[in-house]
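Asks: Test case, fold it:
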Amino acid sequence: MIKTDPNLKSHFSYQTGVSLVLPLDWKEVERPGFAASYISTAAQNPSPSLGIQVFPGGEASQGYHHIVQMMLDMPLPEFKLLYQAEVTIDRYPAVIFTASWRDKTTDRTIVQHVAVVQVDSYIFPIIGLVTPEQGDIYLQIINDALRSIRFISMIDDD
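Replies: All right, here's what the predicted structure looks like:
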């Protein structure tokens with residue numbers, strides 16, 4: 001029998017083929033620009049979130065690095081790169097980075113913890129967003145969710 005944590009829930013997106021685990025208080029929501037998106041219902045103003053995008057056609061060696069560089073080059077106010085590393089997520093090559101920037105709309109600092117994963121010819125930017133005040137708790141939750149990710153192919157090779 002598989003032992004599971006009663007405080008965690010598995011989520012699966014048919015649109016992305018991504019399975020991940022989040023705390024029970026996180027729910028799937030629709031957000032523009034994301035194929036799958038999840039928010040915490042326990043925290044407010046703004047709610048911590050995790051969103052998944054999918055881009056087809058990436059080259060195996062350069063695709064995800066190109067997307068990472070595009071994200072790091074975005075003209076965001078007071079942008080600071082806090083951490084960056086090459087990793088693997090579910091055996092696939094990825095870059096993880098953490099950065100902060102000031103949201104023009106709310107004038108609040110936002111911390112983003114991002115994984116850009118190359119899965120065959122697809123690139124998956126996975127973006128977690130929190131405020132600095134939420135960071136101590138929610139950055140660990142987002143990082144744990146990234147570690148729990150499994151890419152499940154829905155394509156039949158026949």
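
Asks: Now do the helices in this protein.
Replies: Per DSSP state H, the chain carries helices over the ranges 63-72, 135-148.

Asks: Average pLDDT for the longest one, rounded please.
Replies: The reference is to helix 135-148. For helix 135-148, mean pLDDT rounds to 94.

Asks: Show me which positions of it end up buried.
Replies: Using 16 or more other C-beta atoms under 10 Å as the test for burial, helix 135-148 gives Gly135, Tyr138, Leu139, Ile141, Ile142, Ala145, Leu146, Ser148. All C-beta spots, glycine's among them, are computed from the backbone N, C-alpha and C.

Asks: Quick check: which of the helices of the chain is nearest to Asn7?
Replies: helix 135-148 (10.8 Å; C-beta to C-beta).

Asks: which residues touch that closest one?
Replies: Helix 135-148 has contacts (C-beta atoms under 8 Å, 6 or more residues apart in numbering) with 19-23, 40, 43, 48, 50, 89, 96, 98, 111, 113, 115, 126, 128, 130.

Asks: Strands - which of those land there?
Replies: If you go by DSSP state E, the contacts of helix 135-148 have 19-23, 40, 50, 89, 96, 98, 111, 113, 115, 126, 128, 130 in strands.

Asks: Would you point out the most distant pair within the residues you listed?
Replies: Ser19 and Val111 (25.1 Å).

Asks: PyMOL command to pick out the buried ones of the ones in strands among the contacts of helix 135-148?
Replies: To isolate the buried ones among the ones in strands among the contacts of helix 135-148 in PyMOL, judged by 16+ other C-beta under 10 Å, type:
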select buried, resi 20+21+22+23+40+50+89+96+98+111+113+115+126+128+130
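
Asks: correct me, but Leu76 touches Thr109?
Replies: No. Between Leu76 and Thr109 there is no contact under C-beta atoms under 8 Å: 10.8 Å.
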